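> after the sequence you'll find the predicted model.
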Amino acid sequence: MASAAPSPHKPRRKSKKPAASVIKSEALVRTPSFPLAAFLWPARTSLSQWEVLPLILMAVGLFRWAAGLWGYSGFQKPPMYGDYEAQRHWMEVTTQLPISQWYFHDLQWWGLDYPPLTAYHSWLLGKIGALIDPSWFALYTSRGSEDPILKIFMRATVIISEYLIYIPALVIFVRRFSRMSGVAQWTAWVALVAILMQPATILIDHVHFQYNTVMLGFVTASMSSMVAGRYMWAAIFFVAALGFKQMALYYAPAVFSFLLGSCIFPRINAGRFIIIAGVTALSFALLILPLVLGALYDASRGIDSRPDLDGLRPPLPIFTQLESYLDEKAVYYPVVELLVQMVHRVFPFARGLFEDKVANFWCAANVVIKLRHYPTALLQRASLVATLASIAPPNFVLFLRPRKELLPYAFAATAWGFFLFSYQVHEKSALLPLLPMTLLLAGKQGLGKDIRAWVGFANMLGVWTMFPLLQRVDLRVPYAVLTLLWAYLLGLPPTSTSAYFQEGENVWAQWATAVIHGAFYLAMGVWHVAEMFVPPPVDKPDLWVVANVGLGATGFALCYVWCLWKLTVESDILPKRLWPAKMDASKKTQ
Amino acid sequence: MSETYPTITQCAILATAFKILLFPAYKSTDFEVHRNWLAITHSLPLWEWYYEKTSEWTLDYPPFFAYFEWALSQVAKLVDPAMLRIYNLEYDSWQTRYFQRFSVITTELVLIYALQTYVDSTHGVAKKAAQAAALSIFLSPGLLIIDHIHFQYNGCMYGLLIASLILARQKSGLLASGLVFAVLLCMKHIYAYLAPAYVVFLLRTYCLSPKSVLRIQFFNCAKLGAGILAILGAAFGPFAVKGQIPQILSRLFPFSRGLCHAYWAPNVWAMYSFMDRVLIFVAPRLGLPVKEEALNSVTRGLVGDSAFAVLPEITPRICFGLTLLFQVIPLVRLFFKPSWDAFIGAVTLCGYASFLFGWHVHEKAILLVIIPFSLVALKDRRHLSAFRPLAVSGHVSLFPLLFTPAEFPIKTVYTIFWLILFLIVFDRLAPASNRQRLFLFDRFSIIYIGVSIPLILYCSLIHQMVFGKSYEFLPLMFISSYSAIGVVSSWVGYLVVYFFP
């Protein structure tokens, strides 16, 4: 793909070529094409990774910690507070109560509703925190604590968890993926910084407060293992991701398709299949083992899972048909009860189609058709069908062509499908499709205009749909700073138009991209001005939020289509004669 | 095409984003000091500014800074007029905070401008080094800690200083250089420490003929004299009319303060105090007399109080004499060889002398040394090896200024980041010297830099874990003694380089 015409972007798209030509073509570039490249410019020549990597990690860490000086979700918002209190409360529950009560304890006050790995993580952090100040996690009395030192501790736990899981996974992924795609090391560093400075991730985890990066880190580790061909580890890491946050299910079909596909194509490999299946089952078993042992141990000591209830055991919350086969007096019953409760807490089937306002299909459609007039069962079925329909094409492609360079596209398309059409989506879930999509920056032509424009668009739109969530706790300033900074670093609108119009590519496609993106950026800007200065009409108090949702859902749908389109094109799955224009265009550059 | 990346503007944008994120960082007393000055200058007539004492933070900067505050207050009244009421002590609305923090960022544009002219005025191979030096000043952890977390307006004033130093590079800029420096002196009198170098340099290059010391250039003298008089007149004239000069002077030079500031600045007096503390335990065995009243003195060093238990007392006169002595030594050389490099060197050495031997020196004053030094640190490797211990010790000595846990990671990680980045970059850009290096000095500086890491760890974490709240002076004493060693040795190193170029 490297060619003679010297344009600022040429060296970033290299196919596998000898190192000599890599260096040569890089020397042709005289100016960085966007500010982030300028910041890493001095590192192009002969700096070793042991000098650059620590500096990068320190710099992004500084931005994280500084962002963390701002408020968190639920700060000074009694009576329920917010996500911060939920996480703190789980540390309280897990360190103060026997394991069999974790999923039953006072569910009205931020009852534990994440899978076991989050519970174990909370337990560990709670134990460490109690060494500093036991009152932070004292049962009942610590609720809603606003101790400023506790805030520092909590912020530190997010950063440390991220630096232990997400960041190593990302560094390794970027290295493997960029090498596989024939991208030079310096370019990979630029991509790494771009990924690490993603505004949505920093704002949700380090400002608003959550531990998403732990789950995203396990997913990245899983993808990284797939790239390295270590399928067993890919399965283990993915189970860890699922075990930390059920939201990782958004990726599950893609993981499944890839692993299954790689057992079948190009030739059937039954041994690999058996190993992957076995390891997956074993990892799940390990994941719930502490719960199982804890339930048995507590039962043997006579500790009841629900000490607040007298008399008969309440029936199982779900899977009630099981009860007729089970003996309530049996040794295994507390285990079954705990696991069923855990599943019930983790997957809240009984809730509505969507919560709050989120930029997905259902919430946007609700503006036109009032969905709550329809029976829940029908909506659930519709949601299931729509989700399956949206994730089937990318997974089908990935299954037939289990190629490593397709992973980010397939993961992103699948996650977009879930985000747009599935049940009970949260606005923070946009982080899931954004991660694999942003990882594209480390791949072939990742920093070229096309991918940079689309990845930038998805991220800017994603963080924009989170604005209503952030402004509820007065986080406008960090939102504006981190978002504009990222746009500036990558040369994206509103700071620059450098990511659009590249010579030698299809002119029509470029115009279409530029016009569509331009319209969205313009609309986002207008929306911010309107939201700031124009109060919504009295009869439509949610007007701005609804506008946000509508625009966001449309833009995300475009991102889904783009990921699917790129996946299809890059996989060469379609007969070539269908795409004569594309072939011409790519011949020119290849 | 010859531009080097990243540019100063790019760094300014990145740094501004970071500085805005730091807005909610801890609020120091200097915050209230400057709010009070805004209130004083805005709501009182000129002639009451230096008499107002509702707040304990009275106006104690020279008039131009008061005018500067007055100008800021014109904007402030649009933001939140409540912050401009004198009786509104400790007023702290978010508008006030945003306004004050933002005013620091905006006025720092002066520094950016000055640094850009520095880079633009450098040509050839040295341009890359100039760019690196300029970025190191702009991104200095000193300015970040003091201005953007602790809260002061040093960025703006060091901008003026650098602008003045750069103007002196060209013959045509000498007059302007002197005048800009006079303006700066009327903003913050701490820069008077650097004035001797200016006096000698301008006298030699501007007032006397370059060919002969004996030929006086009367017209130049007249221009410079008239300019300085006009500036002084603009600053102090309105107050002189009402006979307020003695009152202003008593505010500007409060002689009742002690030898060492609350946190010991890392100078020779810190080492002296440290020795004294050690001698308290050793002296009885040696048969030396120990002054009992000094042991219990909490203030340790207000004038008239005996600060030292074993060693002789230090008077302001001694400090003044030593400072002047060590300023004169480099100035003699400057007089006979008045090149621009020698001028910057002399400014640096004047800063060193006043920092090391001055009375009641603030740890913040270390920037007075680091910033001019940065402009010549990349001249060759010998300069750089004298600069290194200063860069480490000067910034580490600022750590006690921020003592809240939330800012701890920022000050340490940022400083370490800056040190690694710029020491690597400087190391590559500094050309080899044509003279033998002081090899022992290099070994020393490597060990010295290495020691800083366990020291920071001890002072910020381990001490608290082992001793809790007791012996709180211990980490402070270690940091200032450690830093004092670095500052003193870099001073000695630089003196050698200065005299044997």
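Yes, it's here. Bear in mind that the values here come from a model prediction, so they are computed numbers and not experimental data.

> hey, let's count contacts and neighbours off CA atoms from now on
Fine.

> just say helix, strand or coil for the residue nearest to the spatial centre of chain A.
When C-alpha atoms, centre = their mean is applied to chain A, the residue found nearest the centroid is residue A:432 (2.4 Å). Following DSSP: H, G, I helix; E, B strand; the rest coil, residue A:432 is assigned to helix.

> do the one 3 residues further on as well
Here residue A:435 is recorded as helix under three-state DSSP.

> nearest spatial neighbour of residue B:10, skipping sequence neighbours?
In space, residue B:10 comes closest to residue A:35 once its chain neighbours are excluded; the distance is 7.0 Å by C-alpha to C-alpha, 6 or more residues apart in numbering or on different chains.

> got the contact list for that neighbour?
Shown in contact with residue A:35 (C-alpha atoms under 8 Å, 6 or more residues apart in numbering or on different chains): A:488-491, B:6, B:10.

> identify the residue nearest the residue of the stretch 351-500 of chain A found nearest chain B in space, chain neighbours excluded?
Closest residue of the stretch 351-500 of chain A to chain B, C-alpha to the nearest C-alpha: residue A:481 (5.8 Å). Spatially, and ignoring its direct neighbours in sequence, residue A:481 is nearest to residue B:17 (5.8 Å; C-alpha to C-alpha, 6+ apart).

> so what's the one you found scoring on pLDDT?
As predicted, residue B:17 sits at a pLDDT of 97.

> tell me the first helix or strand C-terminal of the host helix or strand of it.
Element membership of residue B:17, judged by DSSP states H and E, is helix B:8-21. Note on helix B:8-21: by DSSP H and E, the next helix or strand toward the C-terminus is helix B:29-43.

> show me which residues of that next one are buried.
B:31-43 (16 or more other C-alpha atoms under 10 Å in any protein chain shown).

> how about low-confidence regions in chain A?
By pLDDT under 70, the low-scoring segments of chain A are A:1-29, A:46-47, A:311, A:349-356, A:576-590.

> is chain A contacted by stretch B:142-161?
No - figure legend: stretch B:142-161 not in contact with chain A (C-alpha under 8 Å from any C-alpha of the partner chain); closest approach 11.0 Å.

> please enumerate the helices of the stretch 1-150 of chain B.
Remark: helices assigned in the stretch 1-150 of chain B by DSSP state H, counting those that start in this stretch are B:8-21, B:29-43, B:63-79, B:94-107, B:109-120, B:126-138, B:141-143.

> hey, which of those helices is tucked in deepest?
helix B:141-143 (a mean of 26; mean count of other C-alpha atoms under 10 Å in any protein chain shown).

> pull the residues that contact it.
Residues contacting helix B:141-143 (C-alpha under 8 Å, 6+ apart): B:154-155, B:364, B:367, B:395, B:398, B:411, B:414-415, B:418.

> switch those over to JSON lines; also include neighbour count and pLDDT.
JSON lines is the format used below for those (neighbours: other C-alpha atoms under 10 Å in any protein chain shown; pLDDT from 0 to 100):
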{"residue": "B:154", "neighbour count": "22", "pLDDT": "95"}
{"residue": "B:155", "neighbour count": "26", "pLDDT": "95"}
{"residue": "B:364", "neighbour count": "19", "pLDDT": "88"}
{"residue": "B:367", "neighbour count": "22", "pLDDT": "94"}
{"residue": "B:395", "neighbour count": "26", "pLDDT": "92"}
{"residue": "B:398", "neighbour count": "25", "pLDDT": "89"}
{"residue": "B:411", "neighbour count": "25", "pLDDT": "92"}
{"residue": "B:414", "neighbour count": "21", "pLDDT": "96"}
{"residue": "B:415", "neighbour count": "23", "pLDDT": "94"}
{"residue": "B:418", "neighbour count": "22", "pLDDT": "95"}
